[in-house]
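Asks: My questions are about this predicted structure, shown below with the sequence.
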Amino acid sequence: MLDGVKIVEFAEGAAGPLAATRLADLGAAVIKIETADGDWMREAVPAMAQDGMSASFFHLNRGKRSLALGHRPEEAAPLLRALLASADVFITDRAADELERLGIGAVSEEIYADNPRLVSVHISPLGRKGPMARQRGSELTTQAMAGYTRYLGTQEQPPLRLGADVASTGTGIFAAQAVMAALYRRNRDGRGQRVDLSLLNSLLSMKSIHLAAQSDPDVYSGPRVGGANNPPERGWKTADKPIFFAFGGSVGAEGRAGWVDFAQEAGLTRFLDDPRFDKTGRTTTGHGIRVHELREEYEKEFARFPAEALVSLIRKHAGNAAAYVSSDETMAHPQTAALGIVKEVAMRGGGKTRVRAFPARFSRMKPPLKDGTPHLGEHTEAIAAEAGITGPAFAKMIDSGGLLPRAGNA
Amino acid sequence: MPGKERGAGGPLAGIRVLDVSIMAAGPWTGALLGMLGAEVIKVEPPAGDGTRWVMPTQKGMGTNFISMNVNKKNMTLDLKRSDDRAAALALLGTCDVFVQNFRGGVIERLKLDYESVRAVSPRLIYCSISGFGETGPLSKAGCADPIMQAFSGFARANGAPGEGVEAFRFTGFIDLTTAAVATEAILAALLEREQTGAGQKVEISMLEAALEIQYTRIAELLGAGLVPVPRGSASPALAPDRAYAALDRYIFLTVHSDHEWSKFCAAIEQPTLAADPRFLTNQSRVENREALDAAIEPVLQSRPAIWWLRVLQRHGVAAGLAHDFETFRHHAQVIDNEMIARLDTLHWGEISVGGVPWHFSRTPCVVRPPATPGENSEEILAGLPTVAASGRAGRSDA
């Protein structure tokens, strides 16, 4: 795994920290550099009941050690350069001019001269180059710019966002890939390199199916070209929760077969001879355009069933179905338990909390999840000492404002 | 030149991948590995990957198929035939990675399950992609993107405040998320093989991927008991962080920190807001969200979105407008950073697909059009002496 790999992370929010935490789960040691104000995610709501730390911050920064810069961070430049000189990986979302001021700019000629094996991953909101390279961006603004918000709600209503932070977490996943791919290459030729990612880029990469669909289609038909203008998709109402269902494979290619048996067992036999339900089933068994017209017909009958009963019946007849649930129900589901998706880890101040395991299972590797999330600057002194900055040199870096003194050490 | 042959420029040059998956989650895994420089061979059954016929098509080919199979060679094999299965096994002996997403039970019937394949190729990273995972009560249940949006809570976090649920009408997003997580896991296994010399099986489910892309919302749930609900364009974590109506249209903006809050107040020329004790910290702004919005909304509504965009940018506050395909496909920012790739295909015309998500300085990645179905069958089989000699040549027109 990644035992022995040293990562220096100078990033906040979700993207960079997620990449570094998953790499830490795989064995890497992570030093998190923060400015005097701390990663903004430390102030994100809600807080953990046990110790008041932001829940997202806790989950995004498990297993790291924190070094806090002071109010004149350029005074810590020698330390930052020393850290990068001995690191394998640098993950950052800081702007080029800020890195420049801190003496680690351009991840720069000097650093590569010191450490040609360094893999340096740069995350920006809107891309490294181009007219908007220096502009700020966020999860929300990049969702809007990438056209994601068009696929929720309607044109007439106020815009909606995806509840999941898809731009930042998606970029975190791609950044972890970038690190590992560059390390793989380094094993071949001994050299690191720079990799650039952006939130906007990640969203457009993940829009590939829709970009292709809208390029120059033979016929303007189907959800991938018209989806933005379709009505909101809220599933089929039942006696309780709405469901999604489909027969005939994941795109309806297998037609109507299981649906007929389902209709009989569920008492929907009047559908079997209704000419609006076509005989191939490809557009009326849960798929296609016609299904919107027939939704009410289904719902009249589905009102007799609780969602889970209907879902079981549909699965029994080889259809695909699920009830729309909230993620607390997902986490409580026996399937989630069977996969071991949730694990307990220790907290720094004592006690335990539940976190999500690494999102894949390996037959031989068993990534032990890292626990404990650092307070701001908790490890400043220890990290400086490892870089050879101790005693008077360390005191000077604190006094000059290069590093933040530990809270309570006044 | 970024070559057509093995070892195009990316960091995984020299890696060989056999991809027998269909639809999206598996195929985009192969595509990502191909973009990273691996040589990827897509194997289709004689009937073809069903996405070739999914609407819309472009010059007769499913655009879904084109976008999910970039950077791959293509060969036809009927894995139900013993000679073709033998060819697949021989091929796997030359490969580093195998990607498959057959429904539970099928791969065992084809005798291409991990135990069978490992006997032939112990160094292989065997990536198996499923809907709900390979153990547990739903391990045999079929899945698809909208099913997992429902099951994982992804859809439950979308919609206007007070609504129950709204699915993302952008089908395939969870599939592509699954492929991204699968690629992350495959890379971890490849690195581990560098140390041990041994391959292993890597299992990815759409369920775990759908939870990974909800990382922050699940963190709030597990850490603080906050259940995700629809919040319009707002987020539970920050305020202000939503779309506001300007004079002409909506502007999307986010204030991440107290420092940005003071910048924001300066940008909208409301110094009294900056000093208002109800809004001093993110936590207090979130708690007093309604009062905050009541103070901001009339100000933002008084001027056009472009004005706010300019002043917010000047003050270093994240702000943006909504775009659609027609407005961003030719946008300088998108083009300069190669976020969309325009491919010239042999048979299907020019088509845009997602660009590579990572830009490597020394081993740059490129997006290449997919091969035509069956295009490389002969060439690949010819490279396998044991198969070439076994009489399979009679079907070389496959």
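Replies: Structure received. Numbers count the residues shown, from 1 in each chain, chains lettered A, B, ... in the order given.
Asks: where exactly do the strands run in chain A?
Replies: For chain A, the strands defined by DSSP state E cover A:6-10, A:29-34, A:64-68, A:89-92, A:119-124, A:194-198, A:243-246, A:320-323, A:342-346, A:352-356, A:361-362.
Asks: Now these in TSV, please, with extra columns for mean pLDDT.
Replies: TSV is the format used below for the strands of chain A (pLDDT from 0 to 100):
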stretch	mean pLDDT
strand A:6-10	98
strand A:29-34	98
strand A:64-68	98
strand A:89-92	97
strand A:119-124	97
strand A:194-198	96
strand A:243-246	95
strand A:320-323	96
strand A:342-346	93
strand A:352-356	95
strand A:361-362	96
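Asks: any chance of these in CSV, with mean neighbour count and distance to chain B too?
Replies: Glycine gets a C-beta too; all of them are placed from N, C-alpha and C. CSV is the format used below for these (neighbours: other CB atoms under 10 Å in any protein chain shown; distance: least, CB to the nearest CB, whole Å):
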stretch, mean neighbour count, distance to chain B
strand A:6-10, 24, 14
strand A:29-34, 24, 12
strand A:64-68, 23, 15
strand A:89-92, 27, 12
strand A:119-124, 27, 8
strand A:194-198, 26, 4
strand A:243-246, 25, 5
strand A:320-323, 25, 4
strand A:342-346, 14, 7
strand A:352-356, 18, 5
strand A:361-362, 21, 4
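Asks: Now tabulate the ones you listed in JSON lines and tack on distance to residue B:88.
Replies: Formatted as JSON lines, the strands of chain A follow (distance: least, CB to CB, whole Å):
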{"stretch": "strand A:6-10", "distance to residue B:88": "39"}
{"stretch": "strand A:29-34", "distance to residue B:88": "41"}
{"stretch": "strand A:64-68", "distance to residue B:88": "43"}
{"stretch": "strand A:89-92", "distance to residue B:88": "37"}
{"stretch": "strand A:119-124", "distance to residue B:88": "35"}
{"stretch": "strand A:194-198", "distance to residue B:88": "34"}
{"stretch": "strand A:243-246", "distance to residue B:88": "30"}
{"stretch": "strand A:320-323", "distance to residue B:88": "28"}
{"stretch": "strand A:342-346", "distance to residue B:88": "37"}
{"stretch": "strand A:352-356", "distance to residue B:88": "35"}
{"stretch": "strand A:361-362", "distance to residue B:88": "23"}
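Asks: Would you tell me which of the ones you listed gets closest to residue B:236?
Replies: Closest approach to residue B:236 among these (CB to CB): strand A:352-356, 17.7 Å.
Asks: Can you show me the CA trace of that closest one as CSV?
Replies: Written as CSV, here are the backbone C-alpha positions of strand A:352-356 (Å, rounded to 0.1, in the frame of the first residue of the first chain):
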residue,chain,number,x,y,z
LYS,A,352,-15.4,6.7,19.3
THR,A,353,-17.3,7.8,16.3
ARG,A,354,-18.6,6.2,13.1
VAL,A,355,-17.0,6.8,9.7
ARG,A,356,-17.1,5.4,6.2
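Asks: Give the other helices and strands that it contacts.
Replies: helix A:55-60, strand A:342-346, helix B:215-224 (3 or more CB pairs under 8 Å, 6 or more residues apart in numbering or on different chains; DSSP states H and E).
Asks: Where does residue B:26 sit, in terms of helix or strand?
Replies: Per DSSP states H and E, residue B:26 falls inside helix B:25-35.
Asks: pLDDT on that helix, on average?
Replies: For helix B:25-35, mean pLDDT rounds to 98.
Asks: Does chain A have contacts with the helix or strand following that helix?
Replies: Next along the chain after helix B:25-35, taking DSSP H and E as the criterion, comes strand B:39-44. No. Residues of strand B:39-44 contacting chain A under CB under 8 Å from any CB of the partner chain: none, with a closest distance of 14.4 Å.
Asks: Run me through the strand neighbours of the helix or strand just after strand B:39-44, direction for each.
Replies: Counting by DSSP H and E, the next helix or strand C-terminal to strand B:39-44 is strand B:57-58. Strand pairing for strand B:57-58, determined by DSSP bridges: strand B:61-62 (antiparallel).
Asks: which one of the helices and strands packed on strand A:352-356 is the most hemmed in?
Replies: Using mean count of other CB atoms under 10 Å in any protein chain shown, the stretch among those with the largest mean neighbour count is helix A:55-60, at a mean of 28.
Asks: what packs against the helix or strand hosting residue B:150?
Replies: Assigned by DSSP H and E, residue B:150 falls within helix B:145-151. In terms of contacts (3+ CB pairs under 8 Å, 6+ apart), helix B:145-151 is packed against strand A:243-246, strand A:320-323, helix B:173-196, helix B:206-212.
Asks: I'd like to know which of those is closest to residue B:146.
Replies: Of all the helices and strands packed on helix B:145-151, it is strand A:243-246 that lies closest to residue B:146, at 4.9 Å by CB to CB.
Asks: other SSEs contacting the closest one?
Replies: Where contact means 3+ CB pairs under 8 Å, 6+ apart, strand A:243-246 is packed against helix A:307-316, strand A:320-323, helix B:145-151.
Asks: domains for chain B, by residue range?
Replies: The record's domain parsing of chain B by automatic domain parsing lists B:16-213+B:338-395, B:241-325.
Asks: Switch those over to TSV; also include distance to residue A:145 and mean neighbour count.
Replies: Compiled in TSV, the domains of chain B are given as follows (distance: least, CB to CB, whole Å; neighbours: other CB atoms under 10 Å in any protein chain shown):
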stretch	distance to residue A:145	mean neighbour count
domain B:16-213+B:338-395	10	22
domain B:241-325	5	18
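Asks: Those domains: lowest mean pLDDT?
Replies: Of all the domains of chain B, domain B:16-213+B:338-395 has the smallest average pLDDT, which comes to a mean of 94.
Asks: check contacts around residue B:233.
Replies: A:140, A:149, A:158-161, B:242-243, B:252 (CB atoms under 8 Å, 6 or more residues apart in numbering or on different chains).
Asks: That's all I had, so thanks and see you.
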